[in-house]
Every structure is written in structure tokens, then in C-alpha cells.
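J.: Return atomic coordinates for the entry below.
(one chain, ligands or ions: 2)
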Amino acid sequence: MENKSDFGLIGLAVMGQNLVLNVESRGFQVSVYNRTGSVTDEFVSAHPDKKLVGTQSLEEFVQSLARPRKVMIMVKAGGPVDAVIESLIPLLEEGDIIIDGGNSLYTDTERRDAWLEKEGLRFIGAGVSGGEEGARKGPSIMPGGPESTWDVMKPIFESISAKVDGEACVTHIGPGGAGHYVKMIHNGIEYGDMQLICEAYSIFKAAGFTAEELAAVFTEWNNGDLESYLIQITAEIFKQNDPETGAPIVDVILDTAGQKGTGRWTIMNAVENAVVISTINAAVEARILSSMKEKRVDASTQLEGPKVELSVEKAALVDKVRDALYASKIISYAQGLDLIATTGEQKGWNLDLAAIAAIWRGGCIIRARFLNRITDAYRNNAELSNLMLDPFFKDVLNKNQQNWREVVALAVSNGIPVPAFSASLGYYDSYRNERLSANLLQAQRDFFGAHTYERTDKPRGEFFHTDWPEVID
Ligand SMILES: NC(=O)C1=CN([C@@H]2O[C@H](COP(=O)(O)OP(=O)(O)OC[C@H]3O[C@@H](n4cnc5c(N)ncnc54)[C@H](OP(=O)(O)O)[C@@H]3O)[C@@H](O)[C@H]2O)C=CC1
Ligand SMILES: O=C(CO)[C@H](O)[C@H](O)COP(=O)(O)O
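T.: Numbers count the residues shown, from 1 in each chain. Ligands and ions are numbered 1, 2, ... in the order given. You can find the predicted model right below:
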């Protein structure tokens, strides 16, 4: 080999292959390695005109790289990442950099960060979003790790990332696991967006919309406030017919959703931090319920619901559902960003919410027009306590809330499950209520456990107890 490569990547599945082609297209020579060697051979020979160096052993791979070596791991999250790192450690030299670009759990990234530091190696845990197309043309990248290591990686990451208004969709998120943490919440928000779209679809389905009509609705929405990658691909999905049956493909796809774990990790983290992310929670649970196909089929013959009667005119329904979707989406982002802010503060990560929203504007699965507004909201007020209270979003919520209620009421009265729409509205109504029913809850706690309560007519922080009567069973 004449020249050493600028960059190396391990793991040539869909993300790895496309990232390699992206990096190479920016003028870098890239060495590649995959556990199954035939994949490497096929990949390199499929691109004879590219500056790629295929290697069949990790020794050969490491030796092919210029120092400090920059090795990106793009393998299945979990054990495989540890296995690859384990094998790399004896081969790398002080100051070399390992980048884990997979969907690793951020606490694993924190552990690996400490482990590699002891080994004299540098480590970046980077969330990468955009799927196959994003990886190839420009993903959104969320790197975490030491600032000094980021400085070394910055030119490559900036050149391969998506660009919006001339700004690269990558920023140094923070130390240690901060990058993978933000990617995890990005995925939680992705779950929320997808579920909300599916709920809009289920209402339209019940109202008798054809796939063609659905394609038209989503295409129209993609020209307005809801413009986003997920709305765009949804419109395309409705246009696609199944070659076998000729039916719309969406009608022949089984209604059981898969999930790889990032959504579940998000809600576990929210519970640990006492942050409400009810929209994302509903989205994760909706996937779980969808996967219980046999139980649902059985229950469908036993549990009754109302007769479906959606008497709303189609055009009016489209407007109402659009407003409900937009309002619910704002709530979902408000919750996700609240979780990021809370954890960031607790971890001392010094996270910049405006910068995070800005790098989600392009390349990633949740890219959307309204992320410009979110970026502005935090640029205008970095201390914003909740996205709902930003002047722009407050206006949208105030304007949309009536239609949002009508859509939830319509769905509930027709037995159409809308757990994410309802959870979002429940959050909105709880958050905006000056007085909730928790006074009664406190009385109950004090009744059975002498847990005490605060009083409306006394300063906060003073606790009282009532001698409740004994209850005779
Ligand atoms: N697919 C997507 O849209 C996105 C995926 N991601 C994340 O990026 C990472 C890569 O994703 P994707 O490209 O889909 O690939 P997969 O998650 O399907 O992983 C497959 C790759 O991992 C390798 N691998 C699995 N186990 C081991 C092991 N024990 N040792 C070494 N290599 C191993 C495989 O090698 P072999 O060929 O030998 O089996 C193959 O190269 C994952 O963490 C994923 O969650 C992030 C964003 C989007
Ligand atoms: O990270 C991603 C996009 O940002 C991946 O597409 C992820 O695999 C999607 O999650 P799931 O498989 O759980 O739906």
C-alpha cells in the first residue's frame, strides 16, 4: 500500500458502507474492515473507482491508517462494540482515536470512555442519524467526548454531515456519553413523531380515506408547517402499491412494530430523572401493544367498542387532524428537550439546546421545518423553561388547542386508539392548570401513611398532618 488512509471504518452493513462512501467522496482515503471478510471484498470490488482500502484482518486494517489513527466502529450496538474495541486496543497506539458511531447506550459510552482513557486512547461516542440515505449524502452527527479529540475529528465530521443554511449538522455535544445521550433522545422523539403520524392515519382510515387521498393529504402537509422527512416519506408510502397484489403496500404490511431499544431507553431515563415524556412513552407503548398481535386478535372478538361514525366532512377533518398533529408534535419536542436539559444540568454537560435543535434540521430522521423555530426559540432564550412557552409555540398551541381537543374527542368516541395525541393533550392541560387534583392525592397519602402535606394558606416548605378518622373494614 502506497499511502496510509485518512480514516478507517469497521462494520460494513448499511450505515457503515454508506458512511464510507460519504467520507471517500469528500476526498479522504478510507480503509475498511468487516468481521465477515466476503462483505469487505464485495464492497470494495463494487466501487473500483474509489479510494478504498479493503482489509481482511484488524492488524492489516490498523497498519493501513495514518496516525493519529481515526477508527470508526459501525457495528451492532452492545456486546459487538466491546468486542471490536477489545481487539483494537493491543493494535492501536497512544493518541489514536476510536469513534463509536452506532446507537450505543450512553452509559456504555461513559464506561468505554473511561476504559479507553486508561489505555491511552482517545474516544468519541457519536450518534449518527439519517439512515442509509443520510449516511451516504450527509447525516446529522451528535459527537460526545473531549473537546480536544473533537477538534481533530471536526474537519471530517463537518465535511460529511448534512448542511442547512450553510451550517454543518454536527456540533460537539459535550463530554463522555453526551453525544449518544442526545442521539437516544432524538430517537425517542423519532418514535413520538412516527406514532403521531400513525394516529392521524388511523383517524383518516376510519373516515374512509383511500391511499390516494392519504398521499394527497400528506403531500399537502409537507408544504406547510408540518414539512418534515417523516411526513414526506409517509406521503410516498401511500403512493406505493404491492407488486404482488396491486393493493396499497401499506395495507398488506402487518401491523406489528419493531424496535431496537433506543425508545425504551429514553423512557427509562425519563423515569429515572422524573421528567414527563408522556408522548414518547405512549409511542413506545403503542409499539409494544402492536407487537401483541395474537392477543389483540383474540380480544377483538370479546371486548366491545362503539360503532365508528365519523360524520365530519373530509376537508374539515384534514384541517383539524393537522392542527392536532402539529400541537402534539410540539408537546413531544417540549418533553424531549426538557429531558435533555434536565439530564444535561444534572450531569454538568453544559448542553446547548439551540445548537442541538440546529443540527437536527438536516440529515436526520426527525429533520423538519419547525426545527428552525425550535432553534430560534432557544437562541432567543437559552433559559426557556419549556418549549410550549416560547412566544411562537405558545401562539400555535393556543390557536390549535380547540381542534386538537375535537380530534381526541372524536377518536375516543369512535374507539380509535390515539394514545400519543391524548397523552400530549393531557400534558398540555396538566401543565397549564394552576391547580391540579393532587391536593386530594396528598390527603390520601397523609391519611394512610402520615406523609404530611403543604397548605394553600401557608408558606411553601411547611408540612402539616391531620389526625384522620380510623376506617373500619
Ligand atoms: N440502520 C439504520 O438506519 C441506523 C443504524 N444506526 C446504528 O448504527 C449501527 C450500525 O447499524 P447497521 O448498519 O444497521 O448495522 P447492524 O446494526 O445491522 O450491524 C451489522 C454490522 O455489525 C457487525 N457485527 C455484528 N456483530 C459483530 C461482532 N460481534 N463483531 C464484529 N462485528 C459485528 C456485522 O458484521 P458481519 O457482517 O460480520 O455480521 C455488520 O457489519 C448500529 O448501532 C445501529 O443501531 C444508527 C442510525 C441509523
Ligand atoms: O437510529 C436510527 C435513526 O435515527 C435507526 O433507524 C434506529 O434503528 C431506529 O430505531 P428502531 O429500530 O427502534 O425503530
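
J.: neighbours of the closest residue to ligand 1 within the stretch 201-350 of the chain, just the number please.
T.: With Cβ to the nearest ligand atom as the measure, residue 260 is the residue of the stretch 201-350 of the chain nearest to ligand 1, at 6.0 Å. For glycine as for every other residue, the C-beta is placed from the backbone atoms N, C-alpha and C. A total of 11 residues lie near residue 260 under the criterion other Cβ atoms under 10 Å.

J.: Without its sequence neighbours, what residue ends up closest to it?
T.: In space, and not counting its chain neighbours, residue 260 is closest to residue 103: 7.0 Å by Cβ to Cβ, 6 or more residues apart in numbering.

J.: rewinding a little: surely the residue of the stretch 201-350 of the chain closest to ligand 1 is in contact with residue 105?
T.: No - if you go by Cβ atoms under 8 Å, residue 260 and residue 105 don't touch, sitting 11.2 Å apart.

J.: joint contacts of the two?
T.: When contacts are counted by Cβ atoms under 8 Å, 6 or more residues apart in numbering, residue 260 and residue 105 are jointly contacted by residue 77.

J.: Close to ligand 2: what parts of the stretch 151-300 of the chain are there?
T.: 187, 190, 258, 259, 260, 262, 263 (Cβ under 6 Å from any ligand atom).

J.: what about the helices in the stretch 251-400 of the chain?
T.: Taking DSSP state H, counting those that start in this stretch as the test, the helices found in the stretch 251-400 of the chain are 262-272, 278-291, 293-300, 314-347, 353-359, 370-380, 391-413.

J.: would you turn those into JSON lines with mean neighbour count and distance to residue 59?
T.: Converted to JSON lines, the helices of the stretch 251-400 of the chain look like this (neighbours: other Cβ atoms under 10 Å; distance: least, Cβ to Cβ, whole Å):
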{"stretch": "helix 262-272", "mean neighbour count": "19", "distance to residue 59": "33"}
{"stretch": "helix 278-291", "mean neighbour count": "21", "distance to residue 59": "42"}
{"stretch": "helix 293-300", "mean neighbour count": "10", "distance to residue 59": "48"}
{"stretch": "helix 314-347", "mean neighbour count": "22", "distance to residue 59": "37"}
{"stretch": "helix 353-359", "mean neighbour count": "23", "distance to residue 59": "36"}
{"stretch": "helix 370-380", "mean neighbour count": "19", "distance to residue 59": "44"}
{"stretch": "helix 391-413", "mean neighbour count": "17", "distance to residue 59": "54"}
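
J.: if we compare the ones you listed, which one ends up closest to residue 172?
T.: Closest to residue 172 of the helices of the stretch 251-400 of the chain, according to Cβ to Cβ: helix 353-359, at 8.8 Å.

J.: Quick one: mean pLDDT for that closest one?
T.: The pLDDT scores in helix 353-359 average 98.

J.: what sits against the closest residue in space to residue 343 that isn't next to it in sequence?
T.: Using Cβ to Cβ, 6+ apart and skipping residues adjacent in sequence, the residue nearest residue 343 is residue 273, 5.7 Å away. If you count contacts by Cβ under 8 Å, 6+ apart, residue 273 has them with 339, 342, 343, 346.

J.: how about those residues in CSV, adding distance to ligand 2 and pLDDT?
T.: Formatted as CSV, those follow (distance: Cβ to the nearest ligand atom, whole Å; pLDDT from 0 to 100):
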residue, distance to ligand 2, pLDDT
339, 17, 98
342, 22, 98
343, 19, 98
346, 24, 97
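
J.: Closest residue of the stretch 51-200 of the chain to ligand 2?
T.: residue 129 (3.7 Å).

J.: beta partners for that residue?
T.: Taking DSSP bridges as the rule, residue 129 bridges to residue 140.

J.: can I assume it is in contact with residue 161?
T.: No - Residue 129 is beyond contact range of residue 161, at 10.5 Å (criterion: Cβ under 8 Å).

J.: Please enumerate the shared neighbours of the two.
T.: With Cβ under 8 Å, 6+ apart as the test, residue 129 and residue 161 both reach 139, 140, 363.

J.: Near the nearest residue in space to the last one that is not next to it in sequence, how many other residues are there?
T.: Nearest-residue entry for residue 363: residue 162, 2.9 Å, with adjacent residues in sequence omitted and distances by Cβ to Cβ, 6+ apart. Other residues near residue 162 come to 23 when the count uses other Cβ under 10 Å.

J.: residue nearest the centroid of this structure?
T.: residue 187 (1.6 Å; Cα atoms, centre = their mean).

J.: what about it, is that helix, strand or coil?
T.: helix (DSSP: H, G, I helix; E, B strand; the rest coil).

J.: cool, and residue 21?
T.: Going by three-state DSSP: residue 21 is helix.

J.: which secondary structure element contains the residue lying closest to it once chain neighbours are set aside?
T.: Of all residues not flanking residue 21 in the chain, residue 136 sits nearest, at 5.7 Å (Cβ to Cβ, 6+ apart). Using DSSP states H and E, residue 136 sits within helix 131-137.

J.: packing partners for that helix?
T.: Judged by 3 or more Cβ pairs under 8 Å, 6 or more residues apart in numbering; DSSP states H and E, the packing partners of helix 131-137 are helix 14-25.

J.: Show me what whichever helix or strand comes after the helix it packs on is packed up against.
T.: Using DSSP H and E, the helix or strand that follows helix 14-25 in sequence is strand 30-33. Applying 3+ Cβ pairs under 8 Å, 6+ apart, one finds that strand 30-33 makes contact with strand 7-10, helix 14-25, helix 37-45, strand 52-54, helix 58-63.

J.: out of those, nearest to ligand 2?
T.: Ligand 2 lies closest to helix 14-25 among those, at 8.6 Å (Cβ to the nearest ligand atom).

J.: so how far is that closest one off the chain centroid?
T.: 22 Å (Cα atoms, centre = their mean, to the nearest Å).

J.: In it, which residues are buried?
T.: Residues 15, 16, 17, 18, 19, 20, 21, 22, 23, 24 are the ones in helix 14-25 that count as buried (16 or more other Cβ atoms under 10 Å).

J.: Serialize these to CSV and add fields for distance to ligand 2 and pLDDT.
T.: Converted to CSV, the buried residues of helix 14-25 look like this (distance: Cβ to the nearest ligand atom, whole Å; pLDDT from 0 to 100):
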residue, distance to ligand 2, pLDDT
15, 9, 97
16, 14, 98
17, 15, 98
18, 13, 98
19, 13, 98
20, 18, 98
21, 18, 98
22, 16, 98
23, 19, 98
24, 22, 98
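
J.: Save those residues as TSV, and put in distance to ligand 1 too.
T.: Shown next, in TSV, are these (distance: Cβ to the nearest ligand atom, whole Å):
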residue	distance to ligand 1
15	3
16	6
17	8
18	8
19	9
20	11
21	13
22	13
23	15
24	17
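
J.: These into JSON lines, with extra columns for distance to residue 60?
T.: Shown next, in JSON lines, are those (distance: Cβ to Cβ, whole Å):
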{"residue": "15", "distance to residue 60": "23"}
{"residue": "16", "distance to residue 60": "17"}
{"residue": "17", "distance to residue 60": "19"}
{"residue": "18", "distance to residue 60": "23"}
{"residue": "19", "distance to residue 60": "20"}
{"residue": "20", "distance to residue 60": "16"}
{"residue": "21", "distance to residue 60": "21"}
{"residue": "22", "distance to residue 60": "23"}
{"residue": "23", "distance to residue 60": "19"}
{"residue": "24", "distance to residue 60": "19"}
